[in-house]
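Colleague: need a structure here:
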Amino acid sequence: VSQSRYVCFVWQSEIAQALGLTVAEAKEQIAVVKGVKTEAPPPPVKYLITSFASGRENIANLIKHGLDLIIVDEAHNLKNEQTKQAKAILPIIAACPHAIALTGTPALNKVEEMYSLCQALKFDAFKGRKDYMQSSAKKIMETIKAKIMIRRLKDEVLKDLPLKTRSHFLVNESDLDLTQFEKMQEKIEKQIKKYDDEFDELRDELIAKYGRGRAEIELAKAYEKFERALEGSAFEAFKAAGEAKADFLSLYIKDYLSSTQDPVIVFYHHKTVGDALQKKLKDIPLMRIDGNTKAQDRQGFVEGFQAGEYKVALLSLLACNSGITLTKASHIVFGELWWTPSTLLQAESRAHRIGQERPVTCQYVLAKGTYDDDMYKLIQRKWAEINSILDDDKNESIKAAKTTKGSIMRDLIRNMIQKHKNLT
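Modeller: Now for the predicted structure:
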């Protein structure tokens, strides 16, 4: 089971190559289950390949086929067992006598996210969800690694892989159009001020009604509700920061290409940012892949980029952080950030993988005067925390068991609130 239909065909090709099958043998033994509610083919087919989406529509047929082994690629996508995708795929895993879950990022934000996979893999070292969630991150990882996880690091497995370096720089406000961001910032300031005023009144009311003990509990609930209300505004400010960098990014990319013959990979998140960059770079050979790109076009773009037909690969972070190889480039520019740090790590690996012969540089472009700088610091901290847990780092300065429970979004919102209080 792969993340997308495009990657299904990559698996099909790799399996045939690994087994040394002729074209006729591959066609007979390997089948890609595609479309909605497609009947799984009968023997002599030995290998069935499907995407998360197709698997969701074909769950009954796949289980009926009597699978002996299931391999789930990018298995971290099943972290939330309440999603339609997880509700479909997890029972297929549970129905197989043998299962392998593949992922380079088993914990996207926190180790608690691995619970659904532990369940599907019939791992019963914990007495249910409550016991798992109440255990420390260190205990969870020690238990999992001792029983069901094989952790292989790039520098151990791919010893000849060139060095990867990561850096960031802040774009001066004079080089940015911050008009829309400043409007969103003003909106957020008003929301926080309104909350502060209401919170003081609410505290007095709750103490009078319940007493101080119960009042503190109710106040904590009210605070969480307020934080959730701020998320929408934070997302809008995040988008405005990305749009503010579009002009600078296009100039930066043109300047980079003028000094080298090598192509460049540029990641963005918001469609408006991708549209702006595509328009400003229209005179440069460019290919763009996002969630609307058809599988056959996606493959053609990737092959064309690897063949040197394009100077810029303009990629949606969420659509292209896995499943493609772009080792023709050794320089990656992140025009926007994302809330899940592991998504950024996966995106870096589009160029830093087997086949890369040059050192890879990953550059994060941050907009000064926005929340970019705070967000990037939180992302860096999260990278360190997760790696500390997964790789059994003994660094006592990283309190991983506590800090990995938070999300980047929630931490960023709390930073916003604290800055407002410091100013007032």
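Colleague: dihedrals phi and psi, Thr370?
Modeller: phi -120, psi -170 (degrees, to the nearest 10).
Colleague: three-state assignment of the residue lying closest to it once chain neighbours are set aside?
Modeller: Take Thr370 and drop its neighbours on the chain: the residue closest to it by Cβ to Cβ, 6 or more residues apart in numbering is Ala241, 3.9 Å away. C-beta: built from backbone N, CA, C; applies to glycine. Secondary structure, DSSP: H, G, I helix; E, B strand; the rest coil: Ala241 is helix.
Colleague: number of nearby residues for Ala241?
Modeller: 26 (other Cβ atoms under 10 Å).
Colleague: in this structure it contacts Asp374, no?
Modeller: No - the pair Ala241 / Asp374 is not scored as a contact, 10.9 Å apart, by Cβ atoms under 8 Å.
Colleague: strand partners of the helix or strand where Ile71 lies, parallel vs antiparallel please.
Modeller: Here Ile71, judged by DSSP states H and E, is contained in strand 69-72. Note on strand 69-72: by DSSP bridges, its sheet partners are strand 98-101 (parallel).
Colleague: and Phe181, how far is that from Ser233?
Modeller: 12 Å (Cβ to Cβ, to the nearest Å).
Colleague: those two - which one has more neighbours?
Modeller: Using other Cβ under 10 Å, the more surrounded residue of Phe181 and Ser233 is Phe181, with 24 against 19.
Colleague: check which helix or strand covers the more buried one.
Modeller: helix 179-210.
Colleague: doesn't Thr105 belong to a strand?
Modeller: No - using three-state DSSP, the assignment for Thr105 is coil, not a strand.
Colleague: state the pLDDT value of it.
Modeller: The model reports Thr105 with a pLDDT of 72.
Colleague: now do the residue nearest to it when sequence neighbours are not counted against Glu205, distance only.
Modeller: Counting by Cβ to Cβ, 6+ apart, Thr105 lies nearest to Ser342, which is 3.7 Å off, once chain neighbours are set aside. In this view, Ser342 and Glu205 are 43 Å apart by Cβ to Cβ.
Colleague: neighbour count: those two, which is higher?
Modeller: Neighbours per residue, other Cβ under 10 Å: of Ser342 and Glu205, the larger number sits with Ser342, 22 against 12.
Colleague: which SS state does that one fall under?
Modeller: Criterion first, three-state DSSP; result for Ser342: helix.
Colleague: so it sits against Ile386, correct?
Modeller: Yes - Ser342 lies in contact with Ile386 (Cβ under 8 Å); the separation is 7.4 Å.
Colleague: where does Gly406 land on pLDDT?
Modeller: At Gly406, pLDDT is 50.
Colleague: for the stretch 101-250 of the chain, what spans make up the strands?
Modeller: With strands called from DSSP state E, counting those that start in this stretch, the stretch 101-250 of the chain shows them at 164-171.
Colleague: low-confidence ranges in it?
Modeller: 107-109, 153-159 (pLDDT under 70).
Colleague: alpha carbons of stretch 224-234, as CSV, please.
Modeller: Below are the C-alpha coordinates for stretch 224-234, written out as CSV (Å, rounded to 0.1, in the frame of the first residue of the first chain):
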residue,chain,number,x,y,z
GLU,A,224,-7.8,26.1,25.3
LYS,A,225,-10.9,27.2,23.5
PHE,A,226,-9.4,30.6,22.9
GLU,A,227,-6.2,29.1,21.6
ARG,A,228,-8.2,27.0,19.1
ALA,A,229,-10.1,30.2,18.0
LEU,A,230,-6.8,31.8,17.2
GLU,A,231,-5.7,29.0,14.9
GLY,A,232,-7.7,30.3,12.0
SER,A,233,-6.1,33.7,12.2
ALA,A,234,-2.6,32.1,12.6
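Colleague: quick one: residues in contact with it.
Modeller: 184, 187-188, 191-192, 195, 199, 371, 409-410, 412-414, 416-417 (Cβ atoms under 8 Å, 6 or more residues apart in numbering).
Colleague: flag every buried residue along that stretch.
Modeller: Phe226, Glu227, Leu230, Ser233, Ala234 (16 or more other Cβ atoms under 10 Å).
Colleague: for the most centrally placed residue in the chain, which non-adjacent residue is closest in space?
Modeller: Nearest to the mean C-alpha position of the chain, counting by Cα atoms, centre = their mean, stands Thr343 at 2.5 Å. Nearest residue to Thr343, sequence neighbours excluded (Cβ to Cβ, 6+ apart): Asn321, at 5.1 Å.
Colleague: the one you found contacts Gln346, doesn't it?
Modeller: Yes - with contact defined as Cβ under 8 Å, Asn321 reaches Gln346; the gap is 4.2 Å.
Colleague: ok, those two, which is more surrounded?
Modeller: Neighbour count, other Cβ under 10 Å: between Asn321 and Gln346, Asn321 has more, with 24 against 21.
Colleague: tell me the spacing between the more buried one and Arg381.
Modeller: On the measure of Cβ to Cβ, Asn321 and Arg381 end up 20 Å apart.
Colleague: over to Lys419?
Modeller: From Lys419 to Arg381 the distance is 17 Å (Cβ to Cβ).
Colleague: these two: which is more packed in?
Modeller: Neighbour comparison, Lys419 and Arg381: the larger count goes to Arg381, with 17 against 14 (by other Cβ under 10 Å).
Colleague: so the more buried one: helix, strand or coil?
Modeller: helix.
Colleague: pLDDT score assigned to it?
Modeller: At Arg381, pLDDT is 86.
Colleague: what does Asp392 give?
Modeller: Looking at Asp392, the pLDDT reads 56.
Colleague: got it, and Leu62?
Modeller: 68.
Colleague: with Asn77 instead?
Modeller: With respect to pLDDT, Asn77 has a value of 80.
Colleague: hmm, it is touching Lys84, no?
Modeller: No - contact criterion Cβ under 8 Å: Asn77 and Lys84 do not qualify, at 11.9 Å.
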